[in-house]
Every structure is written in structure tokens, then in C-alpha cells.
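**Q** when you get a sec, could you give me coordinates for this:
(chains A and B)
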Amino acid sequence: AQSVTQLGSHVSVSEGALVLLRCNYSSSVPPYLFWYVQYPNQGLQLLLKYTSAATLVKGINGFEAEFKKSETSFHLTKPSAHMSDAAEYFCAVSGGSGGYQKVTFGTGTKLQVIP
Amino acid sequence: EAGVAQSPRYKIIEKRQSVAFWCNPISGHATLYWYQQILGQGPKLLIQFQNNGVVDDSQLPKDRFSAERLKGVDSTLKIQPAKLEDSAVYLCASSPGAFAYNEQFFGPGTRLTVL
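**A** Next up is the predicted model:
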């Protein structure tokens, strides 16, 4: 079984401040981990993914995430928030049985950026 | 490259009526997913197709929901009869493969309101 826990359904930061969105996972197999972003009235878009090549993963729009196996975490960060970063962010874990991908999404964190 | 297309974008129906959603995945993508996203929650997988075969439909309420993917391309999701708790955004996603590391590409979703 696999699961994802996102701490904080809402996070507010000031423009220019550090963004930190938390994600902890549980997986019985070595996981693949994803962060997706969802803007209002749109589908989800991939920000970055961890596939075991490197523990620090850089994504689009200046976001990055670090895989920490000992903490079962994959927190998303951005050094300086922009107004355009306001959106909902979903962490997801992917494992598989029988050779097929099974993705479990977290409940999401809505990021508000205050001017 | 064209993205995942979904229609309609919005649908309002009365309870006990039927409704159908259509999805056209990215060309060449073998794997297609339907998710249900209830307000304030992460996407929940309803059904996963690999080409035109069903890989996972364990969370599909089969007494009222049905889905098909003809010729391994387009897909339709039907609800009959609808209940109030079916109000949600229905997301279609596609992926070039079904491996755990594959990214999913999402359509804009269909927002269903059941009155």
C-alpha cells in the first residue's frame, strides 16, 4: 500500500519569501515521487519528479524538491515566491504491481502569495 | 503537440439523470486514466486503461459508472443514474506508458454539478 500526506491544506507566503510545501510518503516499494501544480479551472501540470537518479530534483518555474529516504519526505521549495505561483500543489507517489503504474495523490496544498 | 482534450467543460444535471464525458488523449499515449476530484481533495483514480484494456477499475462504482476506450484512443465515462455526491471535477489524463516513472498529462477537466 502507498500513501501521501501533505501537511497544511493552505499556505500563505509574502511575495519574495521562501516557499516550503511539505509532503511525506509511505510506500512498500522504492517510490517514484511527483509534484503537480493545478491552476484554477485547469488540469494538473507536472512540476518535477524523482526517479532515483538524484535526490535533489529541479523542476519548472524555479521549484525544487529533495528526496529524503530517512524522513520519507519530498518537500517542495522555491527561494522566492512570485504572485504567479498562487495555485494548488499536489504531491503524488507512484508504485506498481503487476507491472502497471499506480499513482496516489495527496489532498493538496493551496498556496496563497501575498503582495 | 496537442494536449489532452475533454468535453464538455461544465455540466449541470438533476440527480438520477445520466451524463457522459469524453476524452481524447495525446496522440500515441497508450495509457489513459479517469480521475474524480472532489472539491478540496486530491484526484482519485476511477479507471486506468492500457490501450483498450482495463488495468485497474477497483475504485469505479460499477453500479452507476462505466467507461470504455474504443480502438485504444478516445474514451468516454458515463454516470447513470447520477447522485448528489457525484458532483466533482472529472479529470482525464494520458501517459506514454504505464511504468511507475511515467509522467501523466492532464486535460482541463469536466466540472459536474448534480442538483
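
**Q** so who does the residue nearest to B:S75 when sequence neighbours are not counted touch?
**A** Spatially, and ignoring its direct neighbours in sequence, B:S75 is nearest to B:R69 (4.2 Å; C-beta to C-beta, 6 or more residues apart in numbering or on different chains). Yep, even glycine has a C-beta here, placed from its N, CA and C like the rest. Counting by C-beta atoms under 8 Å, 6 or more residues apart in numbering or on different chains, B:R69 touches B:L32, B:F49, B:N51, B:N52, B:S75.

**Q** max pairwise distance over those: which two?
**A** Greatest spacing in the contacts of B:R69, by C-beta to C-beta: B:N51 and B:S75 (11.2 Å).

**Q** so which of these two has more stuff around it?
**A** A direct count of neighbours by other C-beta atoms under 10 Å in any protein chain shown for B:N51 and B:S75 places B:S75 higher, at 23 against 13.

**Q** can you list the strands that the longest strand seen in chain A pairs with?
**A** Looking across chain A with DSSP state E, the single longest strand is strand A:87-97. Counting by DSSP bridges, the strands paired with strand A:87-97 are strand A:32-38 (antiparallel), strand A:100-105 (antiparallel), strand A:109-114 (antiparallel).

**Q** which residues of chain B lie near chain A?
**A** Contact residues (C-beta under 8 Å from any C-beta of the partner chain) of chain B with chain A: B:4, B:31, B:40-45, B:48, B:50, B:55-56, B:91, B:93, B:95, B:98-109.
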